[in-house]
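Trainee: Any chance you could fold what I've pasted below:
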Amino acid sequence: MKDDARIHPTAIVHPEARLGSGTVVGPFSIVGEHVRTGENCEIKEHAIVQGHTQLGNAVKIYPNAVVGYDPQHLKYAGEPTRVEIGDRTILREGVTVHRATEFGNKVTRVGKDVFLMAYVHVAHDCVVGDGVVIANAVQLAGHVTLEEKCTVGGQSAIAQHCRVGRYAYVGGGSIVRKDMPPFMLAKGTDLRVQGVNQIGLKRTGLFNDEVIRALKNVYRLFYLRQNTTSRAMEDALAEYGHLDEVRHFVEFVRQSKLGIER
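Mentor: So this is what the prediction gives:
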């Protein structure tokens, strides 16, 4: 434990835990034996970090969050699976992140610069990519994958094994039961893809007009025309295959085991 880590006298930190330089543990918090943190982390009051959990640098964990406890799975038998959380990620009040299962990924992974708002649940074996934003009270079932920079609106639920593609936007109060393609926008308890996440893409400054126009046409191929998925993939690659974003969209669809949201 680094000498300049600060631990409140009411906190309980296992002597075998390893806290990085500049890390602060607030009042009445608990840090378990196998926890390792990077530098300048903040574990605020009444937070719990247990299990084989690795925090990156400058991670902030707010009151009543619980990280690294057992997965909610009947087959889990105490195996030393892990949680890994990347640099600068924020876990707000009441967030729960469960460690993985031995028969799954063995690691529940939350990437860098992720923002988990209050009461978000990240279940076992989930993979949350860099820069993801998840609003209040979103529930991720086991084995969910969120690609980088996607956004999930508040009080939404994502079923197990589903994927949400990069830069996609899922509106608040939605239920995702199949794979949500990248770069698209969808919402609803009976989820409907409604077009390209145009505002979100423009805000990043990373996508030029050519890419956005191409993605709009890809949306038309997959959602507005009477195409089979195979035909839509062929047409998209034939016309726009020179663009990385279109190739990623098609490959995401190709790899889908659940089918894509319509």
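
Trainee: would you list every one of the strands in the stretch 101-250 of the chain?
Mentor: For the stretch 101-250 of the chain, the strands defined by DSSP state E, counting those that start in this stretch occupy 107-110, 115-116, 121-122, 127-128, 133-134, 139-140, 145-146, 151-152, 157-158, 163-164, 169-170, 175-176, 184-187, 192-196.

Trainee: Any idea how far apart the tips of stretch 253-262 sit?
Mentor: 12 Å (CA to CA, to the nearest Å).

Trainee: next one: that stretch to chain centre, how far?
Mentor: 18 Å (CA atoms, centre = their mean, to the nearest Å).

Trainee: Going forward, the N-terminal residue is numbered 16.
Mentor: OK, 16 is where the count begins now, so the last one is stretch 268-277.

Trainee: Mind listing what's buried along that stretch?
Mentor: Val268, Ser271, Ile275, Glu276 (16 or more other CB atoms under 10 Å). For every residue, glycine as well, the C-beta is placed using N, CA and C.

Trainee: Redo the residues you listed as a markdown table? Include secondary structure, pLDDT and distance to Ala115.
Mentor: Shown next, in a markdown table, are the buried residues of stretch 268-277 (DSSP: H, G, I helix; E, B strand; the rest coil; pLDDT from 0 to 100; distance: CB to CB, whole Å):
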| residue | secondary structure | pLDDT | distance to Ala115 |
| --- | --- | --- | --- |
| Val268 | helix | 98 | 27 |
| Ser271 | coil | 97 | 22 |
| Ile275 | strand | 96 | 26 |
| Glu276 | coil | 90 | 25 |
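
Trainee: Using CSV, lay out those residues together with distance to Ala32.
Mentor: Output for the buried residues of stretch 268-277, formatted as CSV (distance: CB to CB, whole Å):
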residue, distance to Ala32
Val268, 44
Ser271, 41
Ile275, 43
Glu276, 42
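
Trainee: hang on, the earlier thing: could you redo the strands of the stretch 116-265 of the chain as TSV and give each row mean neighbour count and mean pLDDT?
Mentor: Shown next, in TSV, are those (neighbours: other CB atoms under 10 Å; pLDDT from 0 to 100):
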stretch	mean neighbour count	mean pLDDT
strand 122-125	24	98
strand 130-131	23	99
strand 136-137	24	98
strand 142-143	24	98
strand 148-149	23	98
strand 154-155	24	98
strand 160-161	24	98
strand 166-167	24	98
strand 172-173	22	98
strand 178-179	28	98
strand 184-185	26	98
strand 190-191	18	98
strand 199-202	22	98
strand 207-211	17	97
